[in-house]
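In: Here is the input, now give the coordinates:
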Amino acid sequence: MKKTALITGANKSIGFETARQLAQQGYFVYIGSRDLAKGSAAAAKLHAEGLSSVAALQLDVTDPASIAAARASVSSLDVLINNAGISGGFPQPASTTTSALAREVYNTNVFGAMDMVGAFIDLLHQSPEPRIVNVTSLLGSLTLHSDPRWKFYAIKGGAYGPSKSALNAYTVALAYDLRDTPFKVNAVCPGHTATDFNRHNGPGSVEDAAAIIVKYATIGADGPTGKYFSNDIPDRGESPW
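Out: Numbers count the residues shown, from 1 in each chain. Below you'll find the model as predicted:
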């Protein structure tokens, strides 16, 4: 039976390429998109490439009603990729970042992911090999942010980085909660990639960014869980927390 994956924020950039690569591996992929028209256009593009096992799904992770409607439309699920995210805009000095901005960023980057897990965990439990990938950033690493030698040491903010630190912490807790099950739950940083998210400022390609997400979305029973991996670590290795 064909495995099924759901990707939030998948109508463009890394999420879209992740959908393409999973479809190429034989998965049926739901392209989650806040704007259904944009999601449908993305699905049509993949259909034109011969990837017919793709469907658009209206999904706003900050809207409980949207999540509930999406859940009602999905009957089975093997892979959940929490890819939707916002930066809140940069620069983002911690001393002037407002709690309103932080809440906006957390609503998508943290609470949206948590609500998606809550809504779809029952379906994932029915899969023989359930996988959850929380798409994060090295800007969420407290260890790296404390090291003046780190190349991104000066890129700090009051909302975005802390939201990814919170997502990482949630990933650890979720993996522990599911430790005696077939679940594999990991935080994955696609690396410094040129996308709309950062005004196309980055050396990485969306193809490479998606590849590391797909790697941990499709790992076998002997794969890791509760870990933090990044394309910006040599050999796509494990990142310090």
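
In: Report how many residues lie close to the residue nearest to residue 113 when sequence neighbours are not counted.
Out: Distances taken as C-beta to C-beta, 6 or more residues apart in numbering place residue 82 nearest to residue 113, at 3.9 Å, with adjacent residues excluded. The C-beta positions use only the backbone N, C-alpha and C, and glycine is treated the same way. Using other C-beta atoms under 10 Å, residue 82 has 29 other residues around it.

In: repeat for the one 10 residues further on
Out: Residues within reach of residue 92, counting by other C-beta under 10 Å, total 20.

In: Return the backbone torsion pair for the nearest residue in space to it that is not next to it in sequence.
Out: Counting by C-beta to C-beta, 6+ apart, residue 157 is the residue found nearest to residue 92 once chain neighbours are left out, at 3.2 Å. Dihedral pair for residue 157: phi -160, psi 160, per degrees, to the nearest 10.

In: gap between the residue nearest to residue 113 and residue 49?
Out: 25 Å (C-beta to C-beta, to the nearest Å).

In: can you map out the helices along this protein?
Out: Here the chain has its helices, by DSSP state H, at 13-24, 36-48, 64-73, 99-106, 112-125, 142-145, 160-177, 206-217.

In: Mean neighbour count, those: which tops it?
Out: helix 13-24 (a mean of 24; mean count of other C-beta atoms under 10 Å).

In: Could you tell me the angle between that one and helix 206-217?
Out: Taking axes from the mean of the first three to the mean of the last three C-alpha atoms, to 10 degrees, one finds helix 13-24 and helix 206-217 inclined to each other by 60 degrees.

In: circling back to that earlier point, which ones are touching the residue nearest to residue 113?
Out: 8, 61, 112, 113, 116, 117, 132, 133, 134, 135, 167 (C-beta atoms under 8 Å, 6 or more residues apart in numbering).

In: With residue 218 instead?
Out: 22, 25, 79, 131.

In: Counting only strands, which of those residues make the cut?
Out: Mapping the contacts of residue 218 onto strands (DSSP state E) picks out 79, 131.

In: Now tabulate the contacts of residue 218 in JSON lines and tack on pLDDT and distance to residue 123.
Out: Formatted as JSON lines, the contacts of residue 218 follow (pLDDT from 0 to 100; distance: C-beta to C-beta, whole Å):
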{"residue": "22", "pLDDT": "98", "distance to residue 123": "17"}
{"residue": "25", "pLDDT": "98", "distance to residue 123": "20"}
{"residue": "79", "pLDDT": "99", "distance to residue 123": "11"}
{"residue": "131", "pLDDT": "99", "distance to residue 123": "12"}
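
In: No further queries at this time; thank you.
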